[in-house]
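Q: Sharing a model that was predicted from the sequence below.
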Amino acid sequence: AQKITQTQPGMFVQEKEAVTLDCTYDTSDPSYGLFWYKQPSSGEMIFLIYQGSYDQQNATEGRYSLNFQKARKSANLVISASQLGDSAMYFCAMSYEPGGSNYKLTFGKGTLLTVNP
Amino acid sequence: DTGVSQNPRHKITKRGQNVTFRCDPISEHNRLYWYRQTLGQGPEFLTYFQNEAQLEKSRLLSDRFSAERPKGSFSTLEIQRTEQGDSAMYLCASSLGIMNTEAFFGQGTRLTVV
């Protein structure tokens, strides 16, 4: 079985600063995918970034980067230059298949990020 | 195409009533997923379809729940004899089902059972 742990229920950051949201995972599958989603108060899940278990380099998408440490089973999200619009719930998730072809995902409980002006 | 559409956005129902939710995926997406999200939790997988075939169902999907995707287009999720524990956000997502493509989620249907 797969498990995602997000230990930070809430985080605060000043506008324009960087913030790291923690995510650890547990799986016995040799191949898997790791995702981060943002959920604003409106409810939809917005895809941010993806990392495959066999990817050698950490994924980056604009201001988002994923700090993937396979041996430690961690996949932390780093948001650089925080903006007020980044205030939302953030979920880490994993799939059974790398490459993002199967979206049967296991989610963590989420971290509520608040960006202060 | 404006993305994944879910209707209704909100539903309040009395315990014991049946409810049905609809999801319209992005038109060329052949995979469709249903998730349930309770307050303070991340979404939990319920079921998914490849075209019209329901390929997997979670154990969370009790006998009171049924999902369909006729003709591989829109999908419906029906809950019979609703219970207060069914109160949650029901999220639908769709994807192309091929490598290196993302899934897109709808805005969800929030169900309140009173």
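A: Looks like it arrived, so ask away. Residues are numbered from 1 along each chain as shown, chains lettered A, B, ... in the order given.
Q: Return the residues of chain A in contact with chain B.
A: Within chain A, the residues that sit near chain B (C-beta under 8 Å from any C-beta of the partner chain) are A:4, A:37, A:42-47, A:50, A:91, A:93, A:99-110. Glycine gets a C-beta too; all of them are placed from N, C-alpha and C.
Q: who's the residue nearest to B:S66 when sequence neighbours are not counted bridged to?
A: Spatial nearest neighbour of B:S66, excluding adjacent residues (C-beta to C-beta, 6 or more residues apart in numbering or on different chains): B:E78 at 5.0 Å. Under DSSP bridges, the beta-bridge partners of B:E78 are B:T20, B:S66.
Q: Next, count neighbours for B:E78.
A: A count of neighbours around B:E78, defined by other C-beta atoms under 10 Å in any protein chain shown, yields 13.
Q: what about chain B, any weak spots by pLDDT?
A: Applying pLDDT under 70 to chain B picks out residues B:1, B:100.
Q: Give me the neighbour count for the residue lying closest to A:K16 once chain neighbours are set aside.
A: The shortest distance from A:K16 to any non-neighbouring residue, by C-beta to C-beta, 6+ apart, is to A:A81 (5.5 Å). A:A81 has 12 neighbours, counted by other C-beta under 10 Å.
Q: Who are the contact partners of B:S87?
A: Counting by C-beta atoms under 8 Å, 6 or more residues apart in numbering or on different chains, B:S87 touches B:T38, B:L111, B:T112, B:V113.
Q: If anything else comes up later, I'll come back, but that's it for now.
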